[in-house]
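Chemist: sequence unavailable; structure follows:
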């Protein structure tokens, strides 16, 4: 009971802190929508992405919504946690009833809640500016799938925050962030990649993440491989984050 109360308290604290950070909100909520307009703005409503059966607007809508959620949960978590470690927050947590898994879940959940506005804003922009039209169930399913999938990268953000020092966390996060976004096909279709790079991209969690939304747009079930990649990635990231938290706490 005490563990649950401690986790809920941490979630509320993280939400308040994130919502007060205007710079963070701009990059996580507005930045992906601006990129969507830049990439898809000059294309026609019927222009398609080769090999997908989707228009450029619908394809990039899912990609940018996924990118926005990734920005919110990964960039927001890693640097903040590294700073908390340097500021002695770990020592404070040792005095509470919060276990390692509770800390990871609290950080992951709070980051995922903040990612929801970035997803919705991209959808609104796509519908209003590029006239993207889907069935009601597809909009709901897209929102749920992309939001739930962001938990994978929220856990990764926690792991990086506890793996890197305060000075190293930013470059490590940026390399991970841009690498996963580019190679996973969030900025451009992987069908434009060389064959060998497409083979690599298919095993990245960001590629599987965007593929969930694309499957919903195509009114088909997602591939089992994509679901498995996301499930395994979440287990690895969350497990690693909990282990690093406990290890860091013992050192504090």
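Modeler: Everything's here; your move. Bear in mind the structure is a predicted one, so any value in this text is a computation, not a measurement.

Chemist: quick one: average pLDDT of the host helix or strand of residue 78?
Modeler: Using DSSP states H and E, residue 78 maps to helix 76-86. For helix 76-86, mean pLDDT is 75.

Chemist: what do you get for stretch 113-129?
Modeler: 89.

Chemist: cool, stretch 155-167 as well?
Modeler: 84.

Chemist: where are the low-confidence patches of the stretch 1-150 of the chain?
Modeler: 1-25, 27, 76, 87-105, 107-109 (pLDDT under 70).

Chemist: picking up where we left off before, elements contacting the helix holding residue 78?
Modeler: Counting contacts by 3 or more CB pairs under 8 Å, 6 or more residues apart in numbering; DSSP states H and E, helix 76-86 packs against helix 100-129, helix 136-163, helix 169-183. Backbone N, C-alpha and C define where each C-beta goes, glycine included.

Chemist: pull out the buried positions in the helix or strand just after the shortest one.
Modeler: Going down the chain from helix 169-183, the next helix or strand is helix 195-201, by DSSP H and E. Judged by neighbour count (16 or more other CB atoms under 10 Å), helix 195-201 contains these buried residues: residue 201.

Chemist: ok so, going back, generate TSV for the helices and strands packed on helix 76-86, with mean neighbour count and distance to residue 60 as supplementary columns.
Modeler: As requested, those are arranged in TSV below (neighbours: other CB atoms under 10 Å; distance: least, CB to CB, whole Å):
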stretch	mean neighbour count	distance to residue 60
helix 100-129	21	8
helix 136-163	22	13
helix 169-183	16	13
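
Chemist: now the ones you listed in JSON lines, with distance to residue 240?
Modeler: As requested, the helices and strands packed on helix 76-86 are exported to JSON lines (distance: least, CB to CB, whole Å):
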{"stretch": "helix 100-129", "distance to residue 240": "9"}
{"stretch": "helix 136-163", "distance to residue 240": "5"}
{"stretch": "helix 169-183", "distance to residue 240": "13"}
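
Chemist: which one, of the ones you listed, ends up nearest to residue 242?
Modeler: helix 100-129 (4.4 Å; CB to CB).

Chemist: quick one: which of the helices and strands packed on helix 76-86 is nearest residue 58?
Modeler: Going by CB to CB, the one of the helices and strands packed on helix 76-86 nearest residue 58 is helix 100-129, 7.6 Å.

Chemist: any idea how far that closest one is from the middle of the chain?
Modeler: On the basis of CA atoms, centre = their mean, to the nearest Å, helix 100-129 sits 8 Å off its chain's mean C-alpha point.

Chemist: same thing with stretch 170-179?
Modeler: For stretch 170-179, the distance to the chain centre is 13 Å (CA atoms, centre = their mean).

Chemist: show me the contacts for residue 133.
Modeler: Residues touching residue 133, when contacts are defined by CB atoms under 8 Å, 6 or more residues apart in numbering, comprise residue 127.
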